[in-house]
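1. my questions are about this predicted structure, shown below with the sequence.
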Amino acid sequence: MRVLRELTWVELKLFAREPMTVVFVLVLPVVVLYVLNGVFGDQPNPGVWEGHSPVDFYTSAYVALVVATMGVLSLPVHLASYREGGVLRRFRASALPRWTLVGAHVLVAVISGLVGSVLLTAVSVLGYDATLPRDWVGSAAAFLLVTLAFCAFGSFLGLVLRTARAAQGLGVLLFFVFMMLGGAGPPREVLPDAMVTLADVVPLTYAARALRAPWLGLPWDTAATTVMAGMLLVSVLLVAWRSRSE
Amino acid sequence: MANAIEVEGLRKRYGGLEVLDGVGFEVAEGEIFGLLGPNGAGKTTTVECLQGLRWADAGHLRVFGHDPRRDVRRVRGLVGSQLQESALPDRIKVWEALQLFATIEGTGRAWEPLLEEWGLAHRRNAAFGDLSGGQRQRLFIALALVGAPRLVVLDEMTTGLDPAARRDAWDLVAAVRERGTTVLLVTHFMDEAERLCDRVAVLRGGRIVGTGTPAELVRSTTSEVRVEFSAPSAFGLDFLTGIAGATTVTRRRTGVVVQGTGPLLARVGHALVERGLEPPDLRVSLPSLEDAYLRLTAPLDDPVSS
């Protein structure tokens, strides 16, 4: 436990010293959400945003975006650069238990995702009177499930991608696809049919839905939760298979 | 003295390629043992198998009595290593790295004195990415020592260092041994091995082709001595071929070279003085570890000439 705590603390500091991931995880989403709130305000429109207030709709979507970005951008970039530079070799030769490094990265993702979520919620709640989570326990559970699912997926990407540059390229691409099609950009109702089909395969769509339901005090979105749980399971299996064949 | 390392019949294949083909050697506790060999001879693979970083296909492997294939956590706790091609995150600070590895090895704050000892105190708050090559090397050695290991593996630690930094690194290795730690040094620099190692093993093509102290290795592979001096061109040299032990005599632009075996310098000197020649530059070159190494590692179909 002491090793995990120390490593997590060091990794958190390293995360904070990496400008690229900090911008994408903690700065850009807050700025974009601030702009969207300013443009759309808090008046529900029955035709779009599933009938919710735009501020509420986007706040939960951006919380999902932050943890997804931690998973598909920050985590693979760190892991791939560790492999590329020989940091993983150095850790393996020490007495570091095998899963501690992964555990530390997941904890860093949870903590920085939490920080990002608090920032986003503060922007919406203080500026536009958005709804605080109605079901705290459910929201926390959904947050954790979504974070773990994207972390597992990101760990797989970090194991497969050979270089930090490749991880960064793919991560930034996924970030924008997620943002535009996953519910953090134009509402689904105004997307053309082809885009809606695409949005259906973007995992962020389900992450945002899974989070939105408890946040707004609606019944659990079973389909979205199942997709997230499935993504977690498949990614964990892929990571296990991949680290075995290493 | 007890053995720190025992290796016997070590084999390792990658795909169809036999990288290690029955490697065997022993390292006594407290020694500096050198593993020499050309690139691709299997040096790094051997030390990686010993540390449990690679799975040995066959053979007897013991590190202080523990098999790295069965007891890998135990072995890694006893061994500190400085690995080839390893690094730390660019933005980690020197003190953070030391504290992190001290925590991993479970030695608490024992890292503080290492900062001073390895000349890193003034770089305590520097990021790894900002360190010079020599400072990184010192940090790696400090990290290898932070767990108070009984064996330290140093894999090509001076590759890429400038001559002054290399000499500093040699002093560091000697200092490590002073602490009572056994050192396994992987290198392809003969001057390094000759200066530091108590015993060495030479690897070629996945096999040990020679082992012993540097002096033993030299004696076992070559006994050829060269005596050189300058002489006036009118001076006849025929008498030199009659000297016991001399095999060839050649006159070159730079002087006369007598090759042979035995106490050649004394005999040549004696003969020259008898004939009234006292060259001020009379000198001998004894076979070095480098000569022995080149003979041992020469491809079989292309033996090093004379």
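-> Right, received. Where do you want to start?
2. what about the closest residue to residue A:110 other than its chain neighbours, distance to residue A:81?
-> The spatial neighbour of residue A:110 that comes closest, neighbours along the chain excluded (C-beta to C-beta, 6 or more residues apart in numbering or on different chains), is residue A:147 at 5.4 Å. Yep, even glycine has a C-beta here, placed from its N, CA and C like the rest. Using C-beta to C-beta, to the nearest Å, one gets 21 Å for the distance from residue A:147 to residue A:81.
3. please say which of these two ends up with more neighbours.
-> Just comparing residue A:147 and residue A:81: by other C-beta atoms under 10 Å in any protein chain shown the higher neighbour count belongs to residue A:147, 26 against 21.
4. ok, the more buried one touching residue A:111?
-> No. Applying C-beta atoms under 8 Å as the test, residue A:147 and residue A:111 come out as separate, 10.0 Å apart.
5. can you name the residues that contact residue A:21?
-> Remark: with contacts taken as C-beta atoms under 8 Å, 6 or more residues apart in numbering or on different chains, residue A:21 is in contact with A:15, A:73, A:74, A:77, A:78.
6. adding neighbour count and pLDDT, write these out as a markdown table.
-> What follows is those, written out as a markdown table (neighbours: other C-beta atoms under 10 Å in any protein chain shown; pLDDT from 0 to 100):
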| residue | neighbour count | pLDDT |
| --- | --- | --- |
| A:15 | 22 | 90 |
| A:73 | 26 | 90 |
| A:74 | 28 | 89 |
| A:77 | 28 | 90 |
| A:78 | 25 | 88 |
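7. these: which two are farthest apart?
-> Across the contacts of residue A:21, the two members that end up farthest from each other (C-beta to C-beta) are A:15 and A:73, 11.5 Å apart.
8. what about residue 72, neighbour count?
-> With no chain named, the answer covers chain A. Applying the criterion other C-beta under 10 Å, we find 27 residues in the vicinity of residue A:72.
9. correction: the question concerned chain B.
-> Residues lying near residue B:72 (other C-beta under 10 Å) number 16.
10. cool, residue A:5 as well?
-> Neighbour tally, residue A:5, other C-beta under 10 Å: 12.
11. tell me the mean pLDDT for the helix or strand where residue A:140 lies?
-> Residue A:140 is part of helix A:136-160 when elements are defined by DSSP states H and E. Averaged across helix A:136-160, the pLDDT comes to 93.
12. ok, now stretch B:217-232?
-> 85.
13. nearest residue to whichever residue of the stretch 101-250 of chain B sits closest to chain A in space, please, no chain neighbours.
-> In the stretch 101-250 of chain B, the residue that lies nearest chain A is residue B:103 (4.2 Å; C-beta to the nearest C-beta). For residue B:103, the nearest residue in space outside its immediate sequence neighbours is residue A:6; the separation is 4.2 Å by C-beta to C-beta, 6+ apart.
14. quick one, what contacts that neighbour?
-> B:99, B:100, B:103, B:104.
15. over to residue B:161?
-> B:133, B:134, B:137, B:169.
16. out of those, which end up buried?
-> Judged by neighbour count, with 16 or more other C-beta atoms under 10 Å in any protein chain shown as the criterion, the buried members of the contacts of residue B:161 are B:134, B:137, B:169.
17. secondary structure, pLDDT and distance to residue A:132 for those - can I get that in CSV?
-> Supplementary listing: those in CSV, determined by DSSP: H, G, I helix; E, B strand; the rest coil; pLDDT from 0 to 100; distance: C-beta to C-beta, whole Å:
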residue, secondary structure, pLDDT, distance to residue A:132
B:134, helix, 81, 55
B:137, helix, 83, 54
B:169, helix, 83, 59
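18. quick check, nearest of those to residue B:92?
-> Using C-beta to C-beta, residue B:137 is the member of the buried ones among the contacts of residue B:161 that lies nearest residue B:92, at 16.1 Å.
19. give me every residue that touches the closest one.
-> Taking C-beta under 8 Å, 6+ apart, we find residue B:137 in contact with B:82, B:157, B:158, B:161, B:165, B:169.
20. ok, 10 Å please
-> Residue B:137 makes contact with B:82, B:118, B:131, B:154, B:157-161, B:165-166, B:168-169, B:172, according to C-beta atoms under 10 Å, 6 or more residues apart in numbering or on different chains.
21. distance to residue A:192 added to those residues, as JSON lines?
-> Formatted as JSON lines, the contacts of residue B:137 follow (distance: C-beta to C-beta, whole Å):
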{"residue": "B:82", "distance to residue A:192": "58"}
{"residue": "B:118", "distance to residue A:192": "64"}
{"residue": "B:131", "distance to residue A:192": "54"}
{"residue": "B:154", "distance to residue A:192": "63"}
{"residue": "B:157", "distance to residue A:192": "61"}
{"residue": "B:158", "distance to residue A:192": "63"}
{"residue": "B:159", "distance to residue A:192": "59"}
{"residue": "B:160", "distance to residue A:192": "57"}
{"residue": "B:161", "distance to residue A:192": "61"}
{"residue": "B:165", "distance to residue A:192": "63"}
{"residue": "B:166", "distance to residue A:192": "66"}
{"residue": "B:168", "distance to residue A:192": "67"}
{"residue": "B:169", "distance to residue A:192": "65"}
{"residue": "B:172", "distance to residue A:192": "67"}
